[in-house]
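1. what follows is a predicted protein model with its sequence.
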Amino acid sequence: QVQLVESGGGLVQAGESLRLSCAASGKIFSVNPMGWYRQAPGRQRELVATITSGIGANFANYADSVKGRFTISRDNAKNTVYLQMNSLKPEDTAVYYCNYKEVTSATRYDYWGQGTQVTVSS
């Protein structure tokens, strides 16, 4: 069983920065993707960024809306993924969820954290 615990959300003004952290426990494999999704009121949950560890390198993927402003990173020794959010905009306001995708040859399962609120005021 995998558990994900997020931290780092809060209330900031437009243009400021926040750093989210997600600590994973349980059976975690670095080759499986970890990432961040967000859900604003009245909207569907959407991908923010994901990261997968390969041999000697990490591979990151970002939503177009956050490219150049957000950076995802991963510390496999600590089973922790981070999201550095710079130049925040009011439209970034949402609940941010950590995600771990458990992928095997036969199954694919998503684990989710409880979510952390990010509010950006204008």
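-> Structure's in. What do you need?

2. switch to C-alpha atoms for all contacts and neighbour counts from now on
-> Will do.

3. who's in contact with Asn61?
-> Taking Cα atoms under 8 Å, 6 or more residues apart in numbering, we find Asn61 in contact with Ala49, Thr50, Ile51.

4. try it again with 6 Å
-> By Cα atoms under 6 Å, 6 or more residues apart in numbering, the contact list for Asn61 reads Ala49, Thr50.

5. next one: the longest strand anywhere in the chain to chain centre, how far?
-> Counting by DSSP state E, the longest strand found in the chain is strand 94-103. In terms of Cα atoms, centre = their mean, to the nearest Å, the centre of strand 94-103 is found 6 Å from the chain centre.

6. tell me what that strand is packed against?
-> The contact analysis (3 or more Cα pairs under 6 Å, 6 or more residues apart in numbering; DSSP states H and E) places strand 94-103 against strand 34-39, strand 108-112, strand 116-121.

7. partners of the last one, with directions?
-> As defined by DSSP bridges, the strand partners of strand 116-121 come to strand 10-13 (parallel), strand 94-103 (antiparallel).

8. please apply the same query to the first one.
-> In the sheet containing strand 34-39, the strands it pairs with under DSSP bridges are strand 46-53 (antiparallel), strand 94-103 (antiparallel).

9. relative to strand 108-112, how tilted is the last one?
-> The one in question is strand 94-103. Calculated by axes from the mean of the first three to the mean of the last three Cα atoms, to 10 degrees, strand 94-103 forms an angle of 150 degrees with strand 108-112.

10. can you list the buried residues in strand 94-103?
-> By neighbour count with 16 or more other Cα atoms under 10 Å, strand 94-103 contains the buried residues Ala94, Val95, Tyr96, Tyr97, Cys98, Asn99, Tyr100, Lys101, Glu102.

11. which other residues reach that strand?
-> With Cα under 6 Å, 6+ apart as the test, strand 94-103 has contacts from 32-40, 108-113, 115-118.

12. any regions of the chain where pLDDT drops low?
-> Of all residues in the chain, none has pLDDT under 70.

13. so who does the residue nearest to the spatial centre of it touch?
-> The residue lying closest to the centre of the chain (Cα atoms, centre = their mean) is Trp36, at 2.1 Å. Residues counted as contacts of Trp36 (Cα under 6 Å, 6+ apart) are Val48, Ala49, Tyr97, Cys98, Asn99.
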